[in-house]
Structure formats: C-alpha cells, structure tokens
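**Q** Coordinates only, no sequence provided:
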C-alpha cells in the first residue's frame, strides 16, 4: 500500500478517453447564476448577503480550479481518470487486491450501474478483472491486475505531489485543521438532508 495515496477522490466521472470531458464534469457543479443562490423555506427565499455571496463565489471558484487542475494532470501524467484512480486506490488497499462489488459500491458511493459500466471500461484497459466468488454466485469480486497496480503506483507520487503543492502547502497547519473541521461540519449538514451514498 502506498502511504498517502488516498488524498483526493472527488465525485468526477471518467474524462477522456472514457467519454465526458473533465471540463464538462466541472460545469455540472456550477450554477448558471450563483448570484441567485439562496435558502428556500416555505416559499420564502433568503438571498445571500454581499459578504455571503462573495465568500461562496470564492469557494466555488477555488474548488473548480483545484479539481479541474488535479484531474487534468492526473489524466495527462498518469493516464488515469479520477474514477480510475479511486477504484484502483480501494483495490490496492484491499486484502489480496480484491473486493466484493457490493463493498466497492459502498466505498465509492456510486450507483450499481455506474460502477458496472466503469469496471467494464477498466477491464478493457487491463486494470481489473471480475471473478465469481467461490461458493456464492450472487456476487462477484473485483480484482486489481498487475497492470492496474502498476498504473496506480506510477500515478500516485506525482498526483500526491500536486495535492501537496497546490493545496496543503497553500495553508498553514492551523488553517488546514480549521478547514478540515469546517468540511466535516458542512458534510454533517448535508447528511441530515441527503445521505451521501445511494441506497
């Protein structure tokens, strides 16, 4: 297992050559007019103040730039899409490099059809195989191949270096700790309304 390999796994789908471009994926996270953002309670919208709108736009701009840049470099330098990287990280850390497909769904928070389609693409590239679980035909195991392990081990060092350079080192240790706590706080609020993983 590579130390620090699981540093960034945003919910982006595969970029080229798998289909949807990285820029198209990022656009899905953008609102057509973020100035209209507001909470909606019982027919009454609480619009953002100037200060709230400024800070919200700063966050959206930072996230879009960071995710776009990381995804583009991962594809260009490592030959992997973000979903490729995520799947390979989970498998490389699993005992014997194998996981039940149902466990992989839980780890990635992907829908079953999305995982199935993406694994098919990864199989064609020789990164994974799917094997019937001995004694239990209801489930299959997803297994990392030698090529898949080589791909993640080659891509991880450069990817982690970019995460450190563009994100970690941009903040002090105190700022990073605060950001971590704030991220957990927002995640907890989201979990109250919409669970992160599909049922």
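**A** Received, thanks. These numbers were taken from a predicted model, which means no experiment stands behind them. Numbers count the residues shown, from 1 in each chain.
**Q** for the record, mean pLDDT for the top helix by length along the chain?
**A** Using DSSP state H, we find that the single longest helix of the chain is helix 50-78. Here helix 50-78 scores 96 as its mean pLDDT.
**Q** and residue 45, helix, strand or coil?
**A** Secondary structure, DSSP: H, G, I helix; E, B strand; the rest coil: residue 45 is strand.
**Q** Could I get the full set of helices for the chain?
**A** With DSSP H as the criterion, the chain has helices spanning 22-27, 50-78, 82-93, 101-108, 112-124, 146-166, 173-193.
**Q** pLDDT wise, what is residue 132 at?
**A** Turning to residue 132, the model gives it a pLDDT of 85.
**Q** Buried residues, stretch 126-145. List them.
**A** Across stretch 126-145, burial judged by 16 or more other CB atoms under 10 Å covers 127, 128, 129, 140, 141, 142, 143, 144, 145. Where C-beta positions appear, they are placed from N, C-alpha and C, glycine not excepted.
**Q** what distance separates that stretch from the middle of the whole chain?
**A** How far stretch 126-145 lies from its chain's middle: 23 Å, per CA atoms, centre = their mean, to the nearest Å.
**Q** what distance separates the start and the end of that stretch?
**A** Distance between the two ends of stretch 126-145: 7 Å, counting by CA to CA, to the nearest Å.
**Q** what's the offset of stretch 183-190 from the middle of its chain?
**A** 17 Å.
**Q** And the longest helix of the chain, what does it pack against?
**A** Under the contact criterion of 3 or more CB pairs under 8 Å, 6 or more residues apart in numbering; DSSP states H and E, helix 50-78 touches helix 22-27, helix 82-93, helix 146-166.
**Q** Helix 82-93 and that one, what's the angle between them?
**A** Following axes from the mean of the first three to the mean of the last three CA atoms, to 10 degrees, one obtains 70 degrees for the angle between helix 50-78 and helix 82-93.
**Q** And helix 50-78, what's buried?
**A** Under the neighbour-count criterion of 16+ other CB under 10 Å, helix 50-78 has 53, 66, 67, 68, 70, 71, 73, 74, 75, 78 buried.
**Q** Out of these, the closest to residue 171 would be?
**A** residue 66 (12.2 Å; CB to CB).
**Q** I'd assumed residue 166 was in contact with the closest one.
**A** Yes - contact criterion CB atoms under 8 Å: residue 66 and residue 166 qualify, at 6.4 Å.
**Q** got any ranges where the chain has weak pLDDT?
**A** Scanning the chain for pLDDT under 70 picks out 1-43, 196, 198-199.
**Q** And for residue 158, nearest residue in space, chain neighbours not counted?
**A** Excluding the flanking residues, the one nearest residue 158 by CB to CB, 6 or more residues apart in numbering is residue 77, at 5.2 Å.
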